[in-house]
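Asker: Structure, please.
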Amino acid sequence: MKGRNMTRWRDPAKDPRQEAKSNVITAEGAERLRGILDHLSRVKRPALSAKVGEAAAQGDRSENADYTYNKKELGRVLGRIRYLTKRLDELQVVDRLPANTHRVYFGAFVELEDDDGETLALRIVGHDETDTSKRWISVDAPLARALLGKAVDDDVTVAAPGGEQHYIVTGIRYSPVA
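Answerer: Predicted coordinates for the structure are as follows:
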């Protein structure tokens with residue numbers, strides 16, 4: 001594989017192997033990302049910079065584990081700050097309810113029932129705020145795409161690794177917008 005770097009970043013618009021992320025986010029999700037960025041910029045970065053400075057003052061940097069570790073950690077934090085700053089500029093905050101709240105759109109809390117009578121509750125959110133523990137799925141996920149525009153009692157079929165999954169939409173609600 002001469003000349004091919006498998007770990008380099010590829011522009012999703014130019015590389016069909018990568019799917020583009022939607023640039024939408026809920027108001028709560030945007031606030032959370034701003035909080036993380038603020039914490040990294042005001043607390044984490046200055047603390048790590050001070051640690052790097054203290055470790056560098058001890059002398060030989062080549063054998064100084066504190067210096068090496070904190071320098072790498074500072075680089076990681078700076079990279080995360082750059083990413084969040086750029087990402088927040090790209091995102092479109094969806095801070096209003098859709099015109100028809102009886103259909104599934106971005107930000108909806110959806111209740112589903114499968115063929116076995118099992119229920120599944122989830123929320124459709126932006127890529128940056130997905131959380132499997134809360135069952136918040138990306139608007140780009142196949143299930144979310146299949147749900148968009150559906151109403152209560154509509155059938156939904158989605159391709160899954162184990163075969164097609166069938167659901168019936170049993171509930172749709174939206175959280176109030178502040």
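
Asker: hey, let's count contacts and neighbours off CA atoms from now on
Answerer: OK.

Asker: counting contacts, what elements does the longest strand seen in the chain pack onto?
Answerer: When the chain is parsed with DSSP state E, its longest strand is strand 163-173. For strand 163-173, the packing partners by 3 or more C-alpha pairs under 8 Å, 6 or more residues apart in numbering; DSSP states H and E come out as strand 109-114, strand 155-160.

Asker: from the ones you listed, which stretch is densest packed?
Answerer: When these are scored by mean count of other C-alpha atoms under 10 Å, the highest mean neighbour count falls to strand 109-114 (a mean of 20).

Asker: May I have it exported as PDB, CA atoms only?
Answerer: What follows is strand 109-114, C-alpha atoms only, in PDB (Å, rounded to 0.1, in the frame of the first residue of the first chain):
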ATOM      1  CA  PHE A 109     -39.600  11.600  20.800                       C
ATOM      2  CA  VAL A 110     -41.000   8.500  19.000                       C
ATOM      3  CA  GLU A 111     -42.600   5.300  20.500                       C
ATOM      4  CA  LEU A 112     -42.500   2.200  18.300                       C
ATOM      5  CA  GLU A 113     -43.900  -1.300  18.600                       C
ATOM      6  CA  ASP A 114     -42.300  -4.200  16.800                       C
END
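
Asker: what's the average pLDDT for it?
Answerer: Averaged across strand 109-114, the pLDDT comes to 96.

Asker: now for that strand, which elements pack on it?
Answerer: On a contact count with 3+ C-alpha pairs under 8 Å, 6+ apart, strand 109-114 meets strand 119-125, strand 163-173.
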